[in-house]
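Asks: Below: sequence and its predicted model.
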There are 2 protein chains.
Amino acid sequence: MADSKPRRGRPAGGRAVLTRERIVTAAVAMVEELGLDAVTMRGLARRLNVDTMSLYHHVDNRETLLNQVTEVVLANIELPPATGVFRDDVHAMAIAFRRVVLRYPHCAPLVLTRQLGSFTALAPVEAVLSIIRAAGFPPDRAVHVMRSVLAYLIGTLLREVSASPTFSGQNLGGVERRRTELTDSTLPHVAESAPYLAVCDHEEEFEFGLDLLITAVELQRQRQ
Amino acid sequence: MADSKPRRGRPAGGRAVLTRERIVTAAVAMVEELGLDAVTMRGLARRLNVDTMSLYHHVDNRETLLNQVTEVVLANIELPPATGVFRDDVHAMAIAFRRVVLRYPHCAPLVLTRQLGSFTALAPVEAVLSIIRAAGFPPDRAVHVMRSVLAYLIGTLLREVSASPTFSGQNLGGVERRRTELTDSTLPHVAESAPYLAVCDHEEEFEFGLDLLITAVELQRQRQ
DNA sequence: TCCGGTAAGCCTACGGTGTAGGATTTTGTT
DNA sequence: AACAAAATCCTACACCGTAGGCTTACCGGA
């Protein structure tokens, strides 16, 4: 009996069973391979050798599926052990966050944009709070500090992941072109800083601003 | 002669002429009224009493149209005059940026996310650089400082515009529910700070982090 | 005055999207 | 053996962005 046509109904014994987890995992991989917009329910189903509508038995809809993708990425943060030195701990935490975002660059807009209240999303918050509280800030201040640092991280990382390769330093011809564009912009300070505006060493930039923030926080702690 | 059917060809004398500017203006208004996703080429054309495809005589495609929307918002920043006091000028600049973003909250994701190299987009950059240069930073440092401040602004504002009304303080029942959720999260520091995590006074938050950054920058200038 | 080019508007059509509703089959339980 | 639940698949709908071609009004030159 040849069953050339795909079967209907529940999958026969041998076949892999569709799972929420299998779907989300495939979605993460697909986002990284093809970009966010290219991930469609149809395409995802095709990749899983499954009918489109089968996905909806495990996932509410595309939007919440993307939330779950976000959570998977978030769950991959490798929280470093705390040393007790405020500066080092904040720095390590920030680096850990940056690392996971850069490991999933195409998922990054999700991670940096969506505010989720789930447990997975709260774990990093807990870690940051614990560092700041250990430095002696009262709970209300700790929240303020955390939000400031988080805002900075989100801002820089958003720039980093959505920057054109030109801006990031590859493709030196593009850099040159961009530099002369800036020089000819009739804006004096832009022209003056053109060589520095035309490119961006993201890691250096990341460290610079982070250092500024940590320094300011340390200073505020002393005053208090 | 009744012309009940819509005419074809160029509009007769009296009718308003479609313009790139008219389209972009309508798009901005539509984004604010209905949200970003709800702005479709078809819907936009309907709103302008025009066939969908007519838009494409003035606009390349949806993506670049949204870039132009972004530019309109950016062009609405009211750059305050510089006073020469570093802290005040940076602060005023940040406030001006925040004001325009909050005036177009639904356009904000565009403004905060897209990196445009146009003249309109460079004008704020020029203003910020001028302030930092006036404080005595060399051009390369000025760029670093600017990027740090910008990253922070983007991060906070992104949170502010995409925050649920609950989080922003309205709807006190929701706040209460959220607070108990956090308290019951089994994460000790999250639970401890729950009352402060459950709500967010965006303006206060904005000022707090901005003050941190400015202080750190001032401190670095002195050292140098 | 006519006349032709051009730009603006309109229409049709294509390939894609998310997802509601229902038909079908397998599995596990009784 | 009978049956309920769950998983799969199919069909269909209302949208979307936009390519290509047709029609019309305007304008500059002859």
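Replies: Here it is on my side, so go on.
Asks: top helix in chain A by residue count?
Replies: With secondary structure taken from DSSP state H, chain A has its longest helix at helix A:139-162.
Asks: by contact count, what packs against the helix or strand that that helix is followed by?
Replies: Sequence order places helix A:165-168 as the next helix or strand after helix A:139-162, per DSSP states H and E. Here helix A:165-168 touches helix A:172-183, going by 3 or more C-beta pairs under 8 Å, 6 or more residues apart in numbering or on different chains; DSSP states H and E. C-beta here means a position set from N, CA and C on the backbone, and glycine is covered the same way.
Asks: and with 10 Å instead?
Replies: The contact analysis (3 or more C-beta pairs under 10 Å, 6 or more residues apart in numbering or on different chains; DSSP states H and E) places helix A:165-168 against helix A:139-162, helix A:172-183.
Asks: Could you list the domains of chain A?
Replies: A:1-59, A:79-222 (automatic domain parsing).
Asks: Could I get the ones you listed in TSV, plus columns for mean neighbour count, mean pLDDT and distance to DNA strand D?
Replies: Formatted as TSV, those follow (neighbours: other C-beta atoms under 10 Å in any protein chain shown; pLDDT from 0 to 100; distance: least, C-beta to the nearest atom of the strand, whole Å):
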stretch	mean neighbour count	mean pLDDT	distance to DNA strand D
domain A:1-59	13	83	3
domain A:79-222	18	95	19
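Asks: can these go into CSV with extra columns for distance to residue B:114?
Replies: CSV is the format used below for the domains of chain A (distance: least, C-beta to C-beta, whole Å):
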stretch, distance to residue B:114
domain A:1-59, 15
domain A:79-222, 8
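Asks: Of all those domains, which one comes closest to residue B:60?
Replies: Closest of the domains of chain A to residue B:60 is domain A:1-59, at 17.7 Å (criterion: C-beta to C-beta).
Asks: Would the closest one count as contacting chain B?
Replies: No - counting by C-beta under 10 Å from any C-beta of the partner chain, chain B has no neighbours in domain A:1-59; the shortest distance is 10.6 Å.
Asks: Walking through chain A, point out its strands one by one.
Replies: Read by DSSP state E, chain A holds no strands at all.
Asks: can you give me the helices for it?
Replies: With DSSP H, the ranges of helices along chain A come out as A:20-34, A:41-47, A:62-75, A:86-103, A:108-113, A:119-134, A:139-162, A:165-168, A:172-183, A:188-192, A:194-197, A:202-223.
Asks: Throw those helices into CSV and include distance to DNA strand C, thanks.
Replies: Output for the helices of chain A, formatted as CSV (distance: least, C-beta to the nearest atom of the strand, whole Å):
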stretch, distance to DNA strand C
helix A:20-34, 10
helix A:41-47, 4
helix A:62-75, 4
helix A:86-103, 24
helix A:108-113, 14
helix A:119-134, 22
helix A:139-162, 21
helix A:165-168, 26
helix A:172-183, 28
helix A:188-192, 33
helix A:194-197, 35
helix A:202-223, 31
